[in-house]
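1. would you be able to build a 3D model of this:
(2 chains)
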Amino acid sequence: MKRQAIFARLGQYSSGVAGLVLLGAMVLVALLAPFAAPSDPLALDLASKLLPPSSDHLLGTDQAGRDLLSRIIWGARESLLIAFGSVFFGTLFGVSLGLIAGYKQGTVIENVITRVFDLFFSIPMLVLAIALIGIIGTGSISLGPLTIDDQAKLIGLIAFSFTPALGRITYAAALVESRSDYVRAKRSQGASPLELVVLEILPNSIPPVIVQATLFIGVAVIVEASLSFIGLGVQPPTPSWGTMLADARNYIFSGEWWIALFPGLAICLTVVGINLIGDAMRDMLDPRAGVRSGFI
Amino acid sequence: MQGSSQPLLRFEGVTIATRGSDSSRVLVSDVDLHVSAGEALGIVGESGSGKSLTALSVAGLLPSGVALSSGRISFEGKVLTELPDSALHRLRGKQISYVFQDPLTALNPTITIGRQITDVLSQHVGGSRKTLKRGAIEILSRLGIADAEKRVRSYPHQLSGGMRQRVLIALAMVCKPRILIADEPTTALDVTVQAKILELFRAIRTTGISLIFISHNIDVVLEFCDRVVVMYGGRVMEVGTAEEIGMAARHPYTQALLECVPRLGTNLERLRVIDGQPPGAQETLSGCPFSNRCPRALGRCHSEMPLSQQASPTSSFSCWNPAPTLAAASAS
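-> Numbering: from 1, shown residues only, chains lettered A, B, ... in the order given. Prediction:
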C-alpha cells in the first residue's frame, strides 16, 4: 500500500490514532522505565513524605517519601505486562478451543468445550478471579525449578477468565466459516483438517476476536488494578497502579489528592487509549463499513 | 466412446440418507452410474433432485448429518466408500477434483489466488517455490487469465466472477486429475461469461480428462456431454447418450424438461411448464417420485417404483408408462 493511502485511511480513524498515540506513549515509558524514571521507585525518604507536586517531585511523593512519577512509570511496566500477557494467553487458549469446537461441530468435543465456556460465563470475571486467588494464594510459589511469582499468577488468572469470552467469539465465527463454500472447496482439493483450520477458518474468524482482545487489554488493566487494590494482586512494595491506589485511599480525605489522582489518571488514560483503538479496529474490520481491504 | 466394461468411476446402488436413527430420510436412492475414462457424463435435474449429493459422495464430501447408507462407489478399481478419510484426502484434488457452483464464495478471501494454487500443488505434487509459482502462472494463463504473472498476487475480491470461476477451475485442474466433477459451474455467472466458461470446459475435455457435469439446464448438458443422466426426487429417471436423450427420450419427465426449453424451428405459443412442485425430502414416497406431476401417471405409479428398463444398449429408463419418443409424437 502506498504511504499516502495509509495516511488517508488512518485519517478516517482519527480517534483510533489518538488511542494509538496514548497507548504507544504508555508502552514506550514502560519499556524505558530505567531511563525515564527520575529516581528509584522503591527508595524510601521519610523526610520528604507526602510532598505535593513540585519541581523536585513532579507528581509529589507518597506516605513513604517515594517519588510518585517514578512509581507510576515503573508501575506502567507491571500493569501493561500483566495486561498484554493475560490477553495474549487468553486469546491463545480461547481461539484454540473455539476453533476446535467450531470445526468439530456436532460432536462431543464441541459440546464439552462450549458447556465449559458456559459454566465459567455464569460467574462474573472479578468474582472468579478473587475465588481463584483465594485458592492459589498470593506471593510466589515454587514448583520444582519453576518459580511462579505473583505477576505470572495474575497473568494466568486473568487469561483464564478471558478464555471463555474469546473462545465463544471464535467458536461463533468458526461455526459459520467451517460451513462456508471455500472451506468445502479447499476440502475437495485435498486439504487436511489442520490446514483447513489454520489456513482457512482461522484467518476468516479472527477479526471479531482481535477487536474483543483489544478491548480486553483495557479490562485487564482494570482487573489487575482492582485485584491489587484489594491486596490480591501485585504485592507491595512492587509498584503497580492498583497497589498505588490502595496506598492512596487513606489520604484522599486528608488533602493529599495527588497520591490517588495520578495513578488513577494513568489507568484512565491507558484504558481510554485502548478502547479508542478497539473501537477503530471494530469499524475497520466490519465488512459492512465498506472500508475493509486486506487488513487482517 | 470407450466401452463400459472398465469404467473409471462406478456407482452401485448408492443410497444417501440423513443420519439419525429415528428420522432417517432417504435423499438419493439406488443410483447406478458409471463414467468411462475420457467421457463426459451430464447429470440433469431440478433443485433437490439429489444430483449434487450424488457428486459429493464420490470423494466423501457429504455435508455433516448426511451419509451414504448403502451401495458402493469405486474408482479405478478401488472402493472409495471403504477407504478411510486420510486416504480420501490424498485422492481429493489429485485424482478427483471439484468445481463448485458459486465462485464468489468458494475462494478463501484472505489468501492470494497464487498462494491458493501453490498450496494445492505443493500438497499433491511438491517442488521448489519457484516451480510451484511457475506452475500456478502456467495453469492460470492456460485457462485464459490475462497477465497471470500479476494476477497471482491478487486477492479473490479483486477479480470478477468469471475470473474467479477460472481460478477455481485452475485449482481443480492444476494436479491433472483423472476426473473433474463440476457442480453447476456456470449457474452463478452472467450469460456471456457462462458461454466462455463452457468454452473452457470444452477445451478441458480435449485433454482426455473425465468429466461429470451437473446442471439444471438440459440443453447445456445435451450439447456438451457424451452421456446424460436425468435425476428426479433422488432417483435416476433416464440414462442415455446425449443423442438418445435429446431425440428419443422415453421418460415423461425427460420429455417435459426438453419441452421447457425454447428451440429454434418449433412454433410453440407458450413454453411448457411442469405443474406442481418436486417432492420435498420430508415426503416418503412409495411410488415414482414424479407420479404426482406426471400427465401419464397410472394407478401403480403412485404405489410402486418402476424398475429400470433397457431401451437400447446404451440407454434405460424407469417408467411404467413410457411415452413415445418426441420425434414419433410429432410425426403422427
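2. contacts and neighbour counts: CA atoms only from here.
-> Fine.
3. can you tell me the helix or strand for residue B:207?
-> Residue B:207 is part of no helix or strand when elements are defined by DSSP states H and E.
4. what is the burial count for it?
-> Residue neighbour count, defined by other CA atoms under 10 Å in any protein chain shown, stands at 10 for residue B:207.
5. again, but for residue B:146
-> Here the count is done by other CA under 10 Å, and residue B:146 has 12 residues near it.
6. surely it is in a strand?
-> No: counting by DSSP: H, G, I helix; E, B strand; the rest coil, one finds residue B:146 to be coil, located in no strand.
7. residues contacting it?
-> For residue B:146, no residue meets the contact criterion (CA atoms under 8 Å, 6 or more residues apart in numbering or on different chains).
8. so what sits opposite the residue in the stretch 201-332 of chain B positioned nearest to chain A in the bridge?
-> Residue nearest to chain A within the stretch 201-332 of chain B: residue B:212 (14.7 Å; CA to the nearest CA). On the basis of DSSP bridges, residue B:212 is bridged to residue B:41, residue B:181.
9. do I have it right that it meets residue B:37?
-> No: assessed by CA atoms under 8 Å, residue B:212 is found out of contact with residue B:37, at 11.2 Å.
10. contact residues of the stretch 151-300 of chain B facing chain A?
-> Taking CA under 8 Å from any CA of the partner chain as the measure of proximity, the stretch 151-300 of chain B contacts chain A at B:171, B:172.
11. name the SS class of the spatially most central residue of chain A, please.
-> The centroid of chain A falls nearest to residue A:217 when counting by CA atoms, centre = their mean (2.3 Å). Put simply, residue A:217 is helix when judged by three-state DSSP.
12. residue contacts, it?
-> Counting by CA under 8 Å, 6+ apart, residue A:217 touches A:83, A:84, A:87, A:271, A:274.
13. can you give me the buried ones in stretch B:235-255?
-> Of the residues in stretch B:235-255, B:235-242, B:244-246, B:248-255 count as buried by neighbour count, 16 or more other CA atoms under 10 Å in any protein chain shown.
14. name the nearest residue to the residue in the stretch 101-250 of chain B positioned nearest to chain A, sequence neighbours excluded.
-> When distances are taken as CA to the nearest CA, the stretch 101-250 of chain B reaches nearest to chain A at residue B:106, 3.8 Å away. Setting aside the residues directly before and after it, residue B:106 is nearest to residue A:182 in space (CA to CA, 6 or more residues apart in numbering or on different chains), at 3.8 Å.
15. so what touches the host helix or strand of the one you found?
-> Taking DSSP H and E as the definition, residue A:182 sits inside helix A:181-188. Residues from elsewhere that reach helix A:181-188 (CA under 8 Å, 6+ apart): A:177-178, A:196, A:200-201, B:59, B:61, B:89, B:92-93, B:97-100, B:102, B:105-108.
16. chain B contacts on chain A?
-> Counting by CA under 8 Å from any CA, the residues of chain A near chain B are A:180-185, A:187-192, A:200, A:203-204, A:294.
17. for stretch B:196-203, give the mean pLDDT please.
-> On average, the pLDDT along stretch B:196-203 is 88.
18. got the buried residues for it?
-> B:197, B:200, B:201.
19. now do stretch B:114-127
-> For stretch B:114-127, a neighbour-count test (16+ other CA under 10 Å) marks B:114, B:115, B:116, B:117, B:118, B:119, B:120, B:121, B:123, B:124 as buried.
20. how far out from the middle of the chain is that stretch?
-> 26 Å (CA atoms, centre = their mean, to the nearest Å).
21. what do you get for stretch B:147-165?
-> Offset of stretch B:147-165 from its chain centre (CA atoms, centre = their mean): 26 Å.
22. what of stretch B:83-92?
-> Chain-centre distance of stretch B:83-92: 21 Å, with CA atoms, centre = their mean.
23. how about the nearest residue to residue 168, chain neighbours excluded?
-> Went with chain A since none was named. The shortest distance from residue A:168 to any non-neighbouring residue, by CA to CA, 6+ apart, is to residue A:98 (6.1 Å).
24. wrong one, chain B
-> In this structure, residue B:168 finds its nearest non-sequential neighbour in residue B:99, 6.3 Å apart by CA to CA, 6+ apart.
25. can you name the residues bridging to that neighbour?
-> With DSSP bridges as the rule, residue B:99 is bridged to residue B:182.
26. residue contacts, it?
-> Applying CA under 8 Å, 6+ apart to residue B:99 gives the contacts A:185, B:168, B:169, B:172, B:180, B:181, B:182, B:183, B:185.
27. number of residues surrounding the residue of the stretch 201-332 of chain B closest to chain A?
-> Neighbour number of residue B:212 under other CA under 10 Å is 21.
28. and the one 5 residues further on, by the same measure?
-> Here the number of neighbours of residue B:217 (other CA under 10 Å) works out to 18.
29. contacting residues around the residue nearest to it when sequence neighbours are not counted?
-> Using CA to CA, 6+ apart and skipping the chain neighbours, the partner closest in space to residue B:217 is residue B:44 (6.9 Å). Residues in contact with residue B:44 (CA under 8 Å, 6+ apart) are B:51, B:214, B:215, B:216, B:217, B:218, B:221, B:228, B:229, B:230, B:231.
30. and what of residue A:282?
-> Applying CA under 8 Å, 6+ apart, we find residue A:282 in contact with A:208, A:211.
31. what's the pLDDT at it?
-> As predicted, residue A:282 sits at a pLDDT of 80.
32. how about residue A:231?
-> Each residue has a pLDDT score; the one for residue A:231 is 84.
33. count of residues packed around residue 179?
-> This is for chain A. 16.
34. switch to chain B, that's the one I care about
-> Around residue B:179 there are 28 residues (other CA under 10 Å).
35. which residues touch it?
-> B:95, B:96, B:97, B:209, B:210, B:211, B:212.
36. could you give me the buried positions within stretch A:213-230?
-> The neighbour-count check on stretch A:213-230 (16+ other CA under 10 Å) flags A:213-229 as buried.
37. gap between residue A:171 and residue A:95?
-> 8 Å (CA to CA, to the nearest Å).
38. also residue B:252?
-> Separation of residue B:252 from residue A:95 (CA to CA): 55 Å.
39. in chain A, which helix is the longest?
-> The residue-count maximum for a helix in chain A (DSSP state H) belongs to helix A:68-103.
40. so residue A:91 is in contact with residue A:213, correct?
-> Yes: Residue A:91 is within contact range of residue A:213, at 6.8 Å (criterion: CA under 8 Å).
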